[in-house]
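# Here is my input; please provide its structure:
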Amino acid sequence: MIRGYRCERLLRDADAQVESDRGLLVEDGIILDVIAGSELARAVGAGDIEHLPGTTMPGLVDAHTHLRSTPAVAQASLPGMSFEQWAYALSALTPLPALDDATVAAAELLQAGATAAQIVLHSWGDADARLDELDAALRALGRTGLRAVVVLGFTDQAEYLPVTDGDDQAGIPLPERGMAVADWPELIRAARVLVGEAQSRVRLAIGPVAPQWCSEEGLSVLAAHRGDLRVHTHLLESAAQRTWLGGEEDPLARLRRFGLVGPFASYAHGVHLMPEEIDVVASAGASLVHCPGSNRRLGVGSAPVGEWLRRGVRSALGMDSQVADRPDLFAEIREAVRTSAEAGDPIAAADAMRMATRGGAAAIGSRGGAIAPGADADFIVVDAECEGGAQQILDQVVDAALTRTVIAGETHLPAGENDTREVERMREHLDLAVGADASGRQARIRALAEPLRRVLELSSEAR
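Presented below is the predicted three-dimensional model:
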């Protein structure tokens, strides 16, 4: 049955003008047409019509997240630590119940204006533990209705230190990996089944967590699936990663050699990409995901996002589960504008909005990002007048209240009172667990003092 939405105001995409009194025709989760509001009753017939006061606009996409309710940077603070030291210290984080953690994170993404997300899952567990992790994410997504691409991330080398002769990591304990590369194909097969049994709004993707953290054997396994699974990875997040493998091959060239660069792929951060490398990404039709808030909090530098746009890269926006308080994609849009200006290469408000909508949809391979015939019926409503130019509209949207979230033609916010209370209860328990473990967590980090010193020493040599 066709469903109709009568929009008081409509912003079709980041480049459009605001229109008054428009009607949306939706069937089977897809937008059929955009018509005059006065024609909606005739077009829908016996179908339902919902009135949407405020401004209806495309749903936002968080194109790089780890679906964590508590930012890792909040648990392991960075003062005095390099990015590589911080990554090593993540082993000291407080363990949290996977389902509650994922449910709160997904619910708060909805509250942040997201209708879709690209979620990277990675742990050191065996196949059963990895499938349990995936199952928790799928259950959380099913409960909240968030559209998602879930990325199984793989690593098998040099996660903490540059590759040295043999597998000697200078006495620094290696992660206890629960899986060998030979086990990866079976995990991917089982994950396909699990995702296929979940819901149509969730798709599976794969990728090395970072190209330098994956052996040639491992990259070959992942490359065998690139034809029918999307690929997502972290790329050149820190300066040291360029020469992590001895400087013989940079991370992007490594991805290219294994056929992992193309329109099926997206790469997060890209802080230290060279202009010629940006051209490679652009010509391949791949996407780069800008994470301005995370980059700032982790101290890795400012990505040359203005250069990305000038060179024609498909560019998206991601929060990387590293927000200061609660997720807010509108605030991340403003952060992208602000940090680019501070870096001396400002982007426009419309650029940042486009990255969070059309660009995000391209990065995850969805039909969202705009309100148009044939697009996914994923949109949000904000209590804003949305008058004036692009910057004025952005200012109004950022300060407005989110009043409705629709995904695949189904309303998911405002949530029912019972659902809201349950998520708040989960949030309280998670915050209590993190707070109660504060002293233990700091003690675990202090116990890593000598390994952290060696991590800094050896990773500095890689720069």
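# Bridged to the closest residue in space to residue 233 that isn't next to it in sequence, which residues?
Nearest non-adjacent residue to residue 233, counting by CB to CB, 6 or more residues apart in numbering: residue 207, 4.2 Å away. C-betas here are computed from N, CA, C, even on glycine. Assessed by DSSP bridges, residue 207 has beta-bridge partners residue 153.
# what's the spacing between residue 207 and residue 380?
Between residue 207 and residue 380 the distance, using CB to CB, to the nearest Å, works out to 28 Å.
# what do you get for residue 22?
Distance, residue 22 to residue 380, by CB to CB: 15 Å.
# hang on, isn't residue 249 packed against residue 255?
No. Assessed by CB atoms under 8 Å, residue 249 is found out of contact with residue 255, at 10.0 Å.
# When those two are compared, which one has more neighbours?
For residue 249 versus residue 255, the count of surrounding residues by other CB atoms under 10 Å is larger for residue 255: 28 against 15.
# give the contact list for that one.
Contacts for residue 255 (CB atoms under 8 Å, 6 or more residues apart in numbering) come out as 211, 233, 235, 261, 265.
# Among those residues, name the ones in strands.
When strands are assigned by DSSP state E, the members of the contacts of residue 255 inside them are 233, 235, 265.
# Quick check: which ranges of the stretch 51-200 of the chain have low pLDDT?
Low-confidence regions of the stretch 51-200 of the chain, defined here as pLDDT under 70, cover residues 164-171.
# what about the helices in it?
Assigned helices in the stretch 51-200 of the chain, in chain order: 72-75, 83-89, 98-111, 127-144, 184-196 (criterion: DSSP state H, counting those that start in this stretch).
# okay, residue 207 and residue 380: which has more neighbours?
Under the neighbour definition other CB under 10 Å, residue 207 and residue 380 were set side by side, and residue 207 has more, 29 against 26.
# my guess is that one contacts residue 222, does it?
Yes. Using CB under 8 Å as the test, residue 207 is close enough to residue 222 to be in contact (6.6 Å).
# if I look at these two, which residues touch both of them?
Listed as contacting both residue 207 and residue 222 by CB under 8 Å, 6+ apart are 154, 231, 260.
# Save these as CSV, and put in neighbour count and distance to residue 83 too.
Converted to CSV, the shared contacts of residue 207 and residue 222 look like this (neighbours: other CB atoms under 10 Å; distance: CB to CB, whole Å):
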residue, neighbour count, distance to residue 83
154, 24, 21
231, 24, 23
260, 25, 23
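# For the longest helix seen in the chain, which helices and strands make contact with it?
Longest among the helix segments of the chain by residue count, using DSSP state H, is helix 417-436. In terms of contacts (3 or more CB pairs under 8 Å, 6 or more residues apart in numbering; DSSP states H and E), helix 417-436 is packed against helix 98-111.
# list the buried ones in the helix it packs on?
By neighbour count with 16 or more other CB atoms under 10 Å, helix 98-111 contains the buried residues 98-111.
# For those, give me TSV that also has distance to residue 317.
As requested, the buried residues of helix 98-111 are arranged in TSV below (distance: CB to CB, whole Å):
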residue	distance to residue 317
98	26
99	27
100	27
101	23
102	21
103	23
104	21
105	17
106	18
107	20
108	17
109	13
110	17
111	17
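# quick one: the helices in the stretch 251-400 of the chain?
For the stretch 251-400 of the chain, helices defined by DSSP H, counting those that start in this stretch occupy the ranges 251-257, 275-284, 292-298, 305-310, 329-342, 349-354, 360-364, 390-399.
# out of these, deepest packed?
Burial of the helices of the stretch 251-400 of the chain is given as mean neighbour count (mean count of other CB atoms under 10 Å); helix 360-364 ranks first at a mean of 29.
# Which other helices and strands does it contact?
Against helix 360-364 (3+ CB pairs under 8 Å, 6+ apart) you get strand 60-65, strand 114-121, strand 287-290, strand 314-317.
# okay, those in a markdown table with distance to residue 443 and mean neighbour count next?
As requested, the helices and strands packed on helix 360-364 are exported to a markdown table (distance: least, CB to CB, whole Å; neighbours: other CB atoms under 10 Å):
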| stretch | distance to residue 443 | mean neighbour count |
| --- | --- | --- |
| strand 60-65 | 29 | 31 |
| strand 114-121 | 28 | 27 |
| strand 287-290 | 35 | 30 |
| strand 314-317 | 37 | 28 |
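# can you put the ones you listed in JSON lines and add distance to residue 433?
Putting the helices and strands packed on helix 360-364 into JSON lines (distance: least, CB to CB, whole Å) gives the following:
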{"stretch": "strand 60-65", "distance to residue 433": "21"}
{"stretch": "strand 114-121", "distance to residue 433": "20"}
{"stretch": "strand 287-290", "distance to residue 433": "30"}
{"stretch": "strand 314-317", "distance to residue 433": "30"}
